[in-house]
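> quick one: sequence plus predicted model below, questions after.
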Amino acid sequence: MVFTKDQVDYSLYLVTDSTMLPPGATLSSQVEEGLMNGVTLVQIREKDCDTKNFFHEGVLIKKLCTDYNVPLIVNDRVDVALAIRADGVHVGQDDMPIPVVRELLGPDKIIGWSVSKVEEVEKLANWGPGMVDNIGIGMVFPTQTKKNPKKSPMGTAGVIKVLDALENCGASWVKTVAIGGLHPDNIQRVLYQCSSTNGRRYLDGIAVVSDIMASEDAGLSTRILRDLLDSNSYKFVDFGLSNEALQVSNINAALHQVHFARPLVQHMTNKVHQNFGANVTLAVFGSPIMSEVVSEVKDLSNIPYASLLINTGTIAPLDVLKAAVTAYNESKRPVVLDPVGYSATPTRMSLNNDLLSYGQFSCIKCNASEMLSLAELSDERMKGVDSSGSNINNDTVIKATKIVAYRYKTIAVCTGEYDFIANGTMGGHYSLGTQEIRGDSPSIPCFVVHGGNIPIMGDITASGCSLGSTITSFLGSLSFPNEAQNAVIAAVTLYKAAGKLAASRCKGSGSFQVEFIDALYQLSRENIPEKWDVKYELI
Ligand SMILES: Cc1nc(C(=O)O)sc1CCOP(=O)(O)O
Ligand SMILES: C=C1C=NC(C(F)(F)F)=NC1=N
Ligand SMILES: [Mg+2]
């Protein structure tokens, strides 16, 4: 049975490894359990096998795959692939060159290639459609399965870079699967986050080895992966993620919700921000806790209406931050990231990139230069000067905010004279494969909050950081069916309204700090947003 290439379903790709079989299982029994429960493609990968065994195992597995009408791919060994009449091969960067493999196998067989770098994508694009049919992008996360790997885990950001390269090189024929450390606790996030920045290309599937091959119940493990793949949604928080732009924000409801919930707002932040941020949180009905103790983070994340703000102004140990993100992700409670000084030093950039690739954030809040760096548009910063005199024009800021929102499937807030709020959560939904192009950056909703310039906001410490405290308080107050987008717009609008009010009352930066907390306190309790001299609108 020769499969036509566009027939191949890459969604659940099982790669074998007979060195990790549980007691009583055989290569065939594990593969058959997989085939019976939703595996759609099999690769026999036996690094330690001698050729005779590899051949005989291959014949058995080929028979099984034929019975289940699933293609069989052979790893590395083109000769064995030919001998057992496999449907294709998968080769790595150090294996037989692709053009030679293609010549040996002919045009109809499936050829897979291990890819982790942009230049490898450029190479396959140059070869054109007749060469590489699919790529294994990895490793995404650390894995024990691949012995002495020559590359390090790339995270979801690394996968996105490869997907973007495929789009930029026009390699539309290539199918993609992610591989490396993929398990039920992370595959939805991988499928959800890993899409090209233009919104056209998602992964075509995931490849797993140990999750099935080492499983005591390979059938159940397969079904769990199958169900997660078919769910097409990653509900990473226990409240609404609608990105329906038309929904006008309901600030009143958001203010009532914070007043009712009095959310626990855990701060992992810099020393300068801690005191002021705690007072801002209290002023808007939040209850702050400043804790970086790993042993309590799981308990805190399970408190009703808990939320977490990570402000990397002070570089807390990465493992503490990662443990906190994991705890709140598992509890489906919101995490807000303020990547202070994102591109200021390589240390901060790699710490923030590590974090961003490690968990799912409900909101990323930062200023224009940090947003441009995150969007990798910093070279566009000098194009034109906008009214506030900052050296970045609003169109560039909006473009960057939308790119970051979409790339991290989060609500991105870019602060300045105009605060921009882009909602890239896609409602928590994802799809496998490619879809129609939707413009240069996904047509995600973006709002602007403005009320005139408030220069004195920049004259006190932690005014930007404390917007993070306010956003986290509003998100922390949510439970289903409240909407994240609405809460963030309300928080940003309240914050700007309080800034304006305080600026009109203060005598200098000292009194501004006091007036600002008073204004937040007052406006949160008066709850008459229609009187605020601040506008928000969809752009
Ligand atoms: C076979 C393989 N290739 C990788 C790559 O990065 O190219 S990672 C890997 C092993 C993946 O095993 P597990 O699902 O058990 O983590
Ligand atoms: C090294 C590998 C990388 N990727 C893949 C797959 F995902 F299946 F394409 N298989 C491999 N053997
Ligand atoms: Mg190889």
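Okay, I see it. Ligands and ions are numbered 1, 2, ... in the order given.

> does Val336 lie in a helix or a strand, and which?
Using DSSP states H and E, the element containing Val336 is strand 335-338.

> can you give the strand pairings for that strand, parallel or anti for each?
strand 306-311 (parallel), strand 363-367 (parallel) (DSSP bridges).

> run the angle between whichever helix or strand comes after that strand and strand 363-367 for me.
Per DSSP H and E, the first helix or strand lying C-terminal to strand 335-338 is helix 346-356. Inter-element angle recorded for helix 346-356 and strand 363-367: 160 degrees (by axes from the mean of the first three to the mean of the last three CA atoms, to 10 degrees).

> buried sites along helix 346-356?
Going by neighbour count (16 or more other CB atoms under 10 Å), the buried part of helix 346-356 is Arg348, Met349, Leu351, Asn352, Asn353, Leu355, Leu356. C-beta coordinates here come from the backbone N, C-alpha and C atoms, glycine included.

> who in the protein is up against ligand 3?
With CB under 5 Å from the ion as the criterion, the chain meets ligand 3 at residues Asp76, Gly92, Asp95.

> can you pull the contacts of the first one?
In this structure, Asp76 makes contact with Arg45, Lys47, Val89, His90, Val91, Gly92, Asp95, judged by CB atoms under 8 Å, 6 or more residues apart in numbering.

> only alpha carbons, please: show the longest helix along the chain as PDB.
Taking DSSP state H as the criterion, the chain has its longest helix at helix 484-505. The C-alpha trace of helix 484-505 is given here as PDB (Å, rounded to 0.1, in the frame of the first residue of the first chain):
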ATOM      1  CA  ALA A 484      -9.900  38.100  30.700                       C
ATOM      2  CA  GLN A 485      -9.900  40.800  28.000                       C
ATOM      3  CA  ASN A 486     -12.600  42.800  29.800                       C
ATOM      4  CA  ALA A 487     -10.700  42.700  33.100                       C
ATOM      5  CA  VAL A 488      -7.400  43.900  31.600                       C
ATOM      6  CA  ILE A 489      -9.100  46.800  29.800                       C
ATOM      7  CA  ALA A 490     -10.800  47.800  33.000                       C
ATOM      8  CA  ALA A 491      -7.600  47.600  35.000                       C
ATOM      9  CA  VAL A 492      -5.700  49.700  32.500                       C
ATOM     10  CA  THR A 493      -8.500  52.300  32.300                       C
ATOM     11  CA  LEU A 494      -8.800  52.600  36.000                       C
ATOM     12  CA  TYR A 495      -5.100  53.000  36.400                       C
ATOM     13  CA  LYS A 496      -4.900  55.800  33.800                       C
ATOM     14  CA  ALA A 497      -7.900  57.500  35.300                       C
ATOM     15  CA  ALA A 498      -6.400  57.500  38.800                       C
ATOM     16  CA  GLY A 499      -3.100  58.800  37.300                       C
ATOM     17  CA  LYS A 500      -4.900  61.700  35.700                       C
ATOM     18  CA  LEU A 501      -6.900  62.500  38.800                       C
ATOM     19  CA  ALA A 502      -3.800  62.400  41.100                       C
ATOM     20  CA  ALA A 503      -1.800  64.500  38.600                       C
ATOM     21  CA  SER A 504      -4.500  67.200  38.900                       C
ATOM     22  CA  ARG A 505      -4.300  67.100  42.700                       C
END
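
> off-centre distance for it?
A distance of 28 Å separates the centroid of the chain from that of helix 484-505, by CA atoms, centre = their mean, to the nearest Å.

> quick check, Val284 in contact with Leu494.
Yes: using CB atoms under 8 Å, Val284 makes contact with Leu494 at a distance of 7.0 Å.

> common neighbours of the two, please.
Residues touching both Val284 and Leu494 by CB under 8 Å, 6+ apart: Thr470, Leu520, Ser524.

> related to what we said a few turns ago, would a markdown table of the buried residues of helix 346-356 with pLDDT be doable?
Below are these laid out as a markdown table (pLDDT from 0 to 100):
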| residue | pLDDT |
| --- | --- |
| Arg348 | 88 |
| Met349 | 90 |
| Leu351 | 89 |
| Asn352 | 92 |
| Asn353 | 90 |
| Leu355 | 92 |
| Leu356 | 92 |
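
> nearest to ligand 1, of those?
Asn353 (18.7 Å; CB to the nearest ligand atom).

> next up, the contacts around that closest one.
Gly155, Ala157.

> one more time with 6 Å, if that's ok
For Asn353, the contact set (CB atoms under 6 Å, 6 or more residues apart in numbering) is empty.

> buried ones in stretch 330-343?
Within stretch 330-343, the residues that count as buried by 16+ other CB under 10 Å are Ser331, Arg333, Pro334, Val335, Val336, Leu337, Asp338, Pro339, Val340, Gly341, Tyr342, Ser343.

> hang on, I meant stretch 140-147
Val140, Phe141, Thr143, Thr145, Lys146.

> wasn't the third one part of a helix?
No: looking at Thr143 with DSSP: H, G, I helix; E, B strand; the rest coil, it is coil, so not inside a helix.

> turn the contacts of Asp76 into CSV, columns for pLDDT and secondary structure.
Listed next are the contacts of Asp76 as CSV, based on pLDDT from 0 to 100; DSSP: H, G, I helix; E, B strand; the rest coil:
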residue, pLDDT, secondary structure
Arg45, 97, coil
Lys47, 87, coil
Val89, 98, strand
His90, 98, strand
Val91, 98, strand
Gly92, 96, coil
Asp95, 94, coil
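
> may I ask which two of the residues you listed are separated the most?
Maximum pairwise distance among these (CB to CB): 14.5 Å, between Lys47 and Val89.

> please say which of these two ends up with more neighbours.
Val89 (27 against 13; other CB atoms under 10 Å).

> how about the residue nearest to the more buried one when sequence neighbours are not counted, secondary structure?
The shortest distance from Val89 to any non-neighbouring residue, by CB to CB, 6 or more residues apart in numbering, is to Ala81 (4.6 Å). For Ala81, the secondary structure call by three-state DSSP comes out as helix.

> what is the neighbour count of Ala81?
Ala81: 27 neighbours (other CB under 10 Å).

> cool, Met36 as well?
13.

> so the residue nearest to it when sequence neighbours are not counted, which of the three states?
Computed as CB to CB, 6+ apart, the closest residue to Met36 that is not its neighbour in sequence is Gly219, at 6.2 Å. Look at Gly219: counting by three-state DSSP, its state is helix.

> only the buried subset of the contacts of Asp76, as a PyMOL command please.
To isolate the buried members of those in PyMOL, using 16+ other CB under 10 Å:
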select buried, resi 45+89+90+91+95
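
> the contacts of Asp76 also near ligand 2: which ones?
Arg45, His90, Gly92 (CB under 6 Å from any ligand atom).

> could the strands paired with strand 335-338 go into JSON lines alongside distance to Ala422?
Output for the strands paired with strand 335-338, formatted as JSON lines (distance: least, CB to CB, whole Å):
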{"stretch": "strand 306-311", "distance to Ala422": "19"}
{"stretch": "strand 363-367", "distance to Ala422": "10"}
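
> tell me the contacts of the residue nearest the centre of the chain?
Centroid-nearest residue in the chain: Gln193, 3.7 Å away (criterion: CA atoms, centre = their mean). If a contact means CB under 6 Å, 6+ apart, then Gln193 has Thr156, Lys409 as its contacts.

> returning to what we had before: neighbour-wise, which of the shared contacts of Val284 and Leu494 leads?
Counting neighbours by other CB under 10 Å, the top entry in these is Thr470, with 29 neighbours.

> how about whichever strand or helix holds that one: buried residues?
Assigned by DSSP H and E, Thr470 belongs to helix 463-476. Within helix 463-476, the residues that count as buried by 16+ other CB under 10 Å are 463-476.

> let's see that helix as PDB, backbone CA atoms only.
Extracted as PDB, the C-alpha positions of helix 463-476 are listed here (Å, rounded to 0.1, in the frame of the first residue of the first chain):
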ATOM      1  CA  SER A 463       4.400  53.200  38.500                       C
ATOM      2  CA  GLY A 464       4.700  50.900  35.500                       C
ATOM      3  CA  CYS A 465       5.400  47.900  37.800                       C
ATOM      4  CA  SER A 466       2.200  48.700  39.800                       C
ATOM      5  CA  LEU A 467       0.100  48.600  36.700                       C
ATOM      6  CA  GLY A 468       1.100  45.000  36.700                       C
ATOM      7  CA  SER A 469      -0.200  44.700  40.300                       C
ATOM      8  CA  THR A 470      -3.500  46.200  39.200                       C
ATOM      9  CA  ILE A 471      -3.900  44.000  36.100                       C
ATOM     10  CA  THR A 472      -3.000  40.900  38.200                       C
ATOM     11  CA  SER A 473      -5.600  42.000  40.800                       C
ATOM     12  CA  PHE A 474      -8.300  42.300  38.100                       C
ATOM     13  CA  LEU A 475      -7.400  38.900  36.500                       C
ATOM     14  CA  GLY A 476      -7.100  37.300  39.900                       C
END
